[in-house]
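> Give me the fold of what follows.
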Amino acid sequence: MAGNAIVGQSGGPTSVINSSLAGVFQACQMRGAEHVFGMLHGIQGLLEEKICDLSSRLDSFLDIELLKRTPSSFLGSCRYKLPDISADEAVYEKIFEILKKHDIRWFFYIGGNDSMDTICKLSEYGRQVGSPIRFMGVPKTIDNDLDLTDHTPGYGSAAKYIGVVMKEIIRDATVYGNNFVTIVEIMGRNAGWLTAAAALARGEDCEGVDLICLPELPFHTDRFLAKVEKMQKDHPSIVIAVSEGVKLPDGRFVCELSDDERFVDAFGHKSLTGTARYLSNLVAKNLPTRTRSVELSILQRCAAHVSSRTDITEAYQVGGAAAKAAFEGETGKMVALKRLSNDPYQCTTCLVNISDVANIEKKVPLEWINEARTDMLPPFLTYARPLIQAELTPIYINGLTQHIVEE
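Next comes the predicted model:
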């Protein structure tokens, strides 16, 4: 079937999201798409008819290899929430008019929960109006909170970065031997997969973090202070990994105890920065110790120089699998990763209904957290370690990593 494909990227970027873009692009070309267009800044850019022809930008093997090694979203991103179809059908009419104008037959959206919501709504509207366009969701999120997939592309590389950085912070924090508390803030609004990755730092050459605080468990400031005080009796310098989304028993985010103003995005998500800073000040006021707060912030999603090769490979595979499924007639689906074994690690792709994924968050299983609520148990390590394996060497020019950017 002749026609064109279009692909967009949405939500927070990852260090391997462009590998999924490469997978979609190359698979669509191989399957006969006349043109593969890119939405500039996701669905919001599409509504403004901001698109590019990827074939004219990605026209060599080197371009594809650079794309796989380039962090963030090559096509740009957005946080645009499509209204419900019944609330504003005109938006959908406009989108489908634009798609018809450019003879789009296959539509791909690379993103997390909110992006899968977009695919769910578009595929439903397409069904209602009898559109032949195939809509496919391609998973990505460092948060690892998409349901019905073993893990999400982007998580393995972010977990690898966190494990590496935590080892380095631990070495630095223990250099003086005096009372010191270092609190490291890690991304994760409602799911603590990233913060749990701090447990990967422990090994023969590293004692690991002393305390891990996840949003899956209510956070009690008095118990937190008591744990810190008790831990410092055994060794003076301790390192704590805390999720930005830890909440008090009453449901408030801990960071809301500070006086910082909170930005709210189109999906109603409050910015959560400042958790580590607040807790660091709390400890300093109540215990005889020096403190330091470290906020990993966007570094954990853009550190492509320490990406997991496993993650890059799987990101590429889900992009290709999405194209294969769409060209075979599937629509309203997301490509999921299905783990076959841990040792040796084997994983394949499958399809799940987008309506069963959109707006559902997958949390860290409580049985993977120890009884003292301070650390992760072996089942988590067995789950996470395969995802951080191997590296894809960056391409260096003049001593710095080389990237490819949309012109």
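> residues of stretch 368-387 that come out buried?
Taking 16 or more other C-beta atoms under 10 Å as the basis for neighbour counts, the residues of stretch 368-387 that come out buried are 368, 369, 373, 375, 376, 380, 383, 384, 385, 386, 387. Heads up, the C-betas are built off the backbone N, CA and C, glycines and all.
> Stretch 108-127 too?
108-126.
> From residue 66, how far off is residue 74?
Distance of residue 74 to residue 66, computed by C-beta to C-beta, to the nearest Å: 10 Å.
> With residue 393 instead?
Counting by C-beta to C-beta, the gap from residue 393 to residue 66 is 12 Å.
> out of the two, which sits in the busier spot?
residue 66 (21 against 9; other C-beta atoms under 10 Å).
> what's near enough to touch the more buried one?
For residue 66, the contact set (C-beta atoms under 8 Å, 6 or more residues apart in numbering) comprises 395, 402, 403, 404.
> Ok, residue 374 next?
The contact partners of residue 374, by C-beta under 8 Å, 6+ apart, come to 210, 211, 212, 227.
> Show me which pair in those is furthest apart.
Within the contacts of residue 374, two members stand farthest from each other by C-beta to C-beta: 212 and 227, at 11.2 Å.
> who has more neighbours, those two?
Taking other C-beta under 10 Å, residue 212 and residue 227 do not tie; residue 212 has more neighbours (24 against 19).
> about what we covered before: let me have the buried residues of stretch 368-387 in CSV, adding distance to residue 136 and pLDDT as columns.
What follows is the buried residues of stretch 368-387, written out as CSV (distance: C-beta to C-beta, whole Å; pLDDT from 0 to 100):
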residue, distance to residue 136, pLDDT
368, 31, 98
369, 35, 98
373, 40, 94
375, 39, 97
376, 34, 98
380, 30, 98
383, 26, 98
384, 27, 98
385, 30, 98
386, 26, 98
387, 23, 98
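> tell me the strands in the chain, going along the chain?
Secondary structure of the chain (DSSP state E): strands located at 4-9, 36-39, 51-53, 104-111, 134-139, 180-186, 211-213, 237-243, 290-295, 333-342, 345-353, 396-397, 400-401.
> Which strands or helices does the last one pack on?
Using 3 or more C-beta pairs under 8 Å, 6 or more residues apart in numbering; DSSP states H and E as the contact test, no helix or strand touches strand 400-401.
> who's in contact with that strand?
Here strand 400-401 makes contact (C-beta under 8 Å, 6+ apart) with 69, 304, 305, 394, 395.
> per-residue confidence at the second one?
What that stands for is residue 304. Reported pLDDT at residue 304 in the predicted model: 96.
> Identify the residues contacting it.
Residue 304 sits next to 15, 16, 69, 70, 71, 157, 394, 401, 403 when contact means C-beta under 8 Å, 6+ apart.
> joint contacts of residue 74 and residue 66?
When contacts are counted by C-beta under 8 Å, 6+ apart, the set common to residue 74 and residue 66 consists of residue 404.
> Residue 201: neighbour count?
Neighbours of residue 201 (other C-beta under 10 Å): 22.
> I figured it was touching residue 210, is that so?
No - at 11.0 Å, residue 201 and residue 210 do not qualify as touching, with contact defined as C-beta atoms under 8 Å.
> my guess is residue 297 contacts residue 272, does it?
No - with contact defined as C-beta under 8 Å, residue 297 does not reach residue 272; the gap is 11.0 Å.
> okay, the two: which has more neighbours?
Each of residue 297 and residue 272 had its neighbours counted (other C-beta under 10 Å), and the higher figure belongs to residue 272 (21 against 13).
> mind checking how far residue 363 is from residue 160?
Counting by C-beta to C-beta, the gap from residue 363 to residue 160 is 21 Å.
> who has more neighbours, those two?
Set side by side, residue 363 and residue 160 give different neighbour counts by other C-beta under 10 Å, the larger being at residue 160 (28 against 14).
> Tell me the pLDDT of the nearest residue to the more buried one once chain neighbours are set aside.
The shortest distance from residue 160 to any non-neighbouring residue, by C-beta to C-beta, 6 or more residues apart in numbering, is to residue 388 (3.8 Å). We note a pLDDT of 98 for residue 388 in this prediction.
> Please look at residue 388 and residue 310 and confirm they touch.
Yes - using C-beta under 8 Å, residue 388 is in contact with residue 310, at 7.2 Å.
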